[in-house]
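Student: model this:
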Amino acid sequence: MTKKSNTYKPDWVPENAGKEFATSVVKGVNPKDIKKTEKSVKTRKHLEIADYVNGVLGNDRVILARTITLIESNSASHNETAQKVLKEILPNTGNSLRIGITGVPGAGKSTLIETLGVYLISKGHKVAVLAIDPSSTVTKGSILGDKTRMENLAREENCFIRPSPSGGTLGGVARKTRETMLVCEAAGYDVILIETVGVGQSEITVRSMVDFFLLLMIAGAGDELQGIKKGVIELADALLINKADGDNKPRALLAKTDFSMALHYIQPATKGWRTEAHTCSAATGEGIKEIWDVVEKFRDITGANGVFSERRKNQTIEWMNKMIEEKLLSEFYDNGEIRKELEKISGKVLEGSALPPAAAETMLEFYKKIRK
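Tutor: Below is the predicted model of the structure:
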């Protein structure tokens with residue numbers, strides 16, 4: 001008995017075609033007909049709190065990644081586990097230098113981070129990069145994939161790169177970035193680089209979680225961008241004009257002079273520190289050592305005058321207040337009675353029979369009533 005072939009020619013192949021049409025279609029297999037064995041079914045091992053803690057402290061990169069995924073989860077049970085893990089690793093945190101890097105799109109943030117990261121690792125540092133991707137409005141996932149644009153840095157043993165979707169969070173910073181920083185510190189990374197989405201959203205959120213805030217610029221951006229930059233310049237501890245190489249170097253040096261003059265009229269972001277403009281080429285590496293020298297000088301000066309530790313304390317309180325705000329908002333909008341009442345009052349606002357301020361006051365009074 002001849003065994004029936006499971007291949008056939010597609011419909012568009014002529015009926016009497018010869019071997020010149022090499023294309024053939026293989027019939028599919030019904031998943032129900034596949035016999036599953038213990039070896040064919042692979043599930044990830046369930047981790048206990050001790051597994052997470054020991055994995056992070058031992059810098060197990062797989063468990064480190066899973067811990068961050070646990071932290072980023074919106075599941076209530078995952079959040080409870082994550083908080084217990086964070087509590088256990090807390091004594092091993094706080095020993096890094098946290099640096100926020102932002103700038104206009106196209107300024108070369110990823111290239112700068114890669115060049116700076118490779119340089120720092122060559123000097124004996126362990127570098128963690130939290131690359132905050134803008135979120136897709138459709139899938140809510142990352143759309144840039146910064147990790148794929150830092151190939152050389154990603155290959156370094158003493159580097160950990162974690163791209164995370166911003167989730168629409170103000171300032172382009174993922175909601176759980178603070179917790180993620182603690183995990184990376186507990187794993188032994190002594191330099192944390194946070195790349196934000198870029199100028200265009202408020203970068204105050206970035207300033208509230210880092211020690212040193214670096215604003216990356218490019219020469220010849222035009223007056224249309226100056227208004228966007230102004231507010232961020234007031235937050236920066238250093239301005240860095242990138243792409244100072246080749247024919248663009250004279251323009252970069254001119255931009256440095258212009259920004260240096262402007263900085264004389266702006267209050268420094270950090271007490272006891274003078275914000276200055278610098279140039280570099282992330283592509284060639286020129287100026288990378290010098291900007292790191294600036295960061296180290298900043299750490300020494302602010303460490304000596306107490307500003308460094310004071311800023312960390314203030315950031316911790318600000319973090320707590322932010323979490324309170326999030327919890328209250330969640331409790332308000334997740335309440336079924338609130339949602340029903342909100343739908344009614346929203347209809348009145350749309351009809352014009354109620355003004356937004358009065359409607360908001362009505363909702364708050366209703367919230368107080370159901371809370372009693």
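
Student: C-alpha only now, for contacts and for neighbours.
Tutor: OK.

Student: and Asp334, how many neighbours does it have?
Tutor: Counted with other CA atoms under 10 Å, the neighbours of Asp334 add up to 11.

Student: again with Phe298
Tutor: Residues near Phe298, counting by other CA under 10 Å, number 22.

Student: That one and Trp273 touch, don't they?
Tutor: Yes - under the criterion of CA atoms under 8 Å, Phe298 makes contact with Trp273 at 7.2 Å.

Student: quick check: domain ranges of this protein?
Tutor: As recorded under automatic domain parsing, the domains making up the chain are 93-304, 318-371.

Student: Would you mind finding the most buried of the ones you listed?
Tutor: domain 93-304 (a mean of 19; mean count of other CA atoms under 10 Å).

Student: now that domain: mean pLDDT?
Tutor: When pLDDT is averaged over domain 93-304, the result is 83.

Student: got it, and stretch 329-343?
Tutor: The pLDDT scores in stretch 329-343 average 92.

Student: neighbouring contacts of that stretch?
Tutor: The contact list for stretch 329-343 (CA atoms under 8 Å, 6 or more residues apart in numbering) reads 363, 366-367.

Student: would you say Val129 is within a strand?
Tutor: Yes - assignment of Val129 by DSSP: H, G, I helix; E, B strand; the rest coil places it within a strand.

Student: who are the neighbours in contact with it?
Tutor: Contacts of Val129 by CA under 8 Å, 6+ apart are 159-162, 192-195.

Student: So which of these sit within strands?
Tutor: Secondary structure from DSSP state E places 159-162, 192-195 of the contacts of Val129 in strands.

Student: Just give me how far stretch 47-66 sits from the chain centre.
Tutor: Offset of stretch 47-66 from its chain centre (CA atoms, centre = their mean, to the nearest Å): 21 Å.

Student: Give the buried residues for that stretch.
Tutor: Using 16 or more other CA atoms under 10 Å as the test for burial, stretch 47-66 gives 49, 52-57, 59, 63-66.

Student: tell me the mean pLDDT for that stretch?
Tutor: 95.

Student: what's the helix or strand for Ile101?
Tutor: strand 97-103 (DSSP states H and E).

Student: Tell me which strands that strand pairs with, and in which orientation.
Tutor: Strand 97-103 pairs in its sheet with strand 191-195 (parallel), strand 212-218 (parallel), by DSSP bridges.

Student: right, and the helix or strand after that strand?
Tutor: The helix or strand immediately downstream of strand 97-103 is helix 109-122, counting by DSSP H and E.

Student: what about the residue nearest to Thr302 when sequence neighbours are not counted, is that helix, strand or coil?
Tutor: Of all residues beyond its chain neighbours, the one nearest Thr302 is Phe308 (5.0 Å), with distances taken as CA to CA, 6 or more residues apart in numbering. Put simply, Phe308 is helix when judged by three-state DSSP.

Student: I figured Phe308 was touching Thr270, is that so?
Tutor: No - between Phe308 and Thr270 no contact is recorded; they are 9.2 Å apart, counting by CA under 8 Å.

Student: before we move on, the earlier item: got the contacts of stretch 329-343 as a markdown table, with pLDDT and secondary structure columns?
Tutor: What follows is those, written out as a markdown table (pLDDT from 0 to 100; DSSP: H, G, I helix; E, B strand; the rest coil):
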| residue | pLDDT | secondary structure |
| --- | --- | --- |
| Met363 | 95 | helix |
| Phe366 | 93 | helix |
| Tyr367 | 93 | helix |
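
Student: which of those residues lies closest to His278?
Tutor: Nearest to His278 among the contacts of stretch 329-343: Met363, at 51.2 Å, using CA to CA.

Student: can you tell me the helix or strand for the nearest residue to that closest one once chain neighbours are set aside?
Tutor: In space, and not counting its chain neighbours, Met363 is closest to Leu342: 7.0 Å by CA to CA, 6+ apart. In this assignment (DSSP H and E), Leu342 forms part of helix 336-351.

Student: Dump that helix to CSV, restricted to CA.
Tutor: C-alpha atoms of helix 336-351 as CSV (Å, rounded to 0.1, in the frame of the first residue of the first chain):
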residue,chain,number,x,y,z
GLY,A,336,-18.2,50.7,40.9
GLU,A,337,-20.5,53.3,42.5
ILE,A,338,-18.1,56.1,41.5
ARG,A,339,-18.1,54.9,37.9
LYS,A,340,-21.9,54.9,37.8
GLU,A,341,-22.2,58.4,39.3
LEU,A,342,-19.4,59.7,37.2
GLU,A,343,-21.2,58.6,34.0
LYS,A,344,-24.3,60.5,35.1
ILE,A,345,-22.5,63.7,36.0
SER,A,346,-20.4,63.5,32.8
GLY,A,347,-23.7,63.5,30.9
LYS,A,348,-24.8,66.6,32.6
VAL,A,349,-21.5,68.3,31.8
LEU,A,350,-21.8,67.4,28.2
GLU,A,351,-25.4,68.7,28.1
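
Student: where's it relative to the chain centroid, distance-wise?
Tutor: 35 Å.

Student: ditto for stretch 350-361
Tutor: 37 Å.

Student: do the same with stretch 302-309
Tutor: 27 Å.

Student: for stretch 176-189, same thing?
Tutor: Distance, stretch centre to chain centre, for stretch 176-189: 12 Å (CA atoms, centre = their mean).

Student: Alright, I will stop here.
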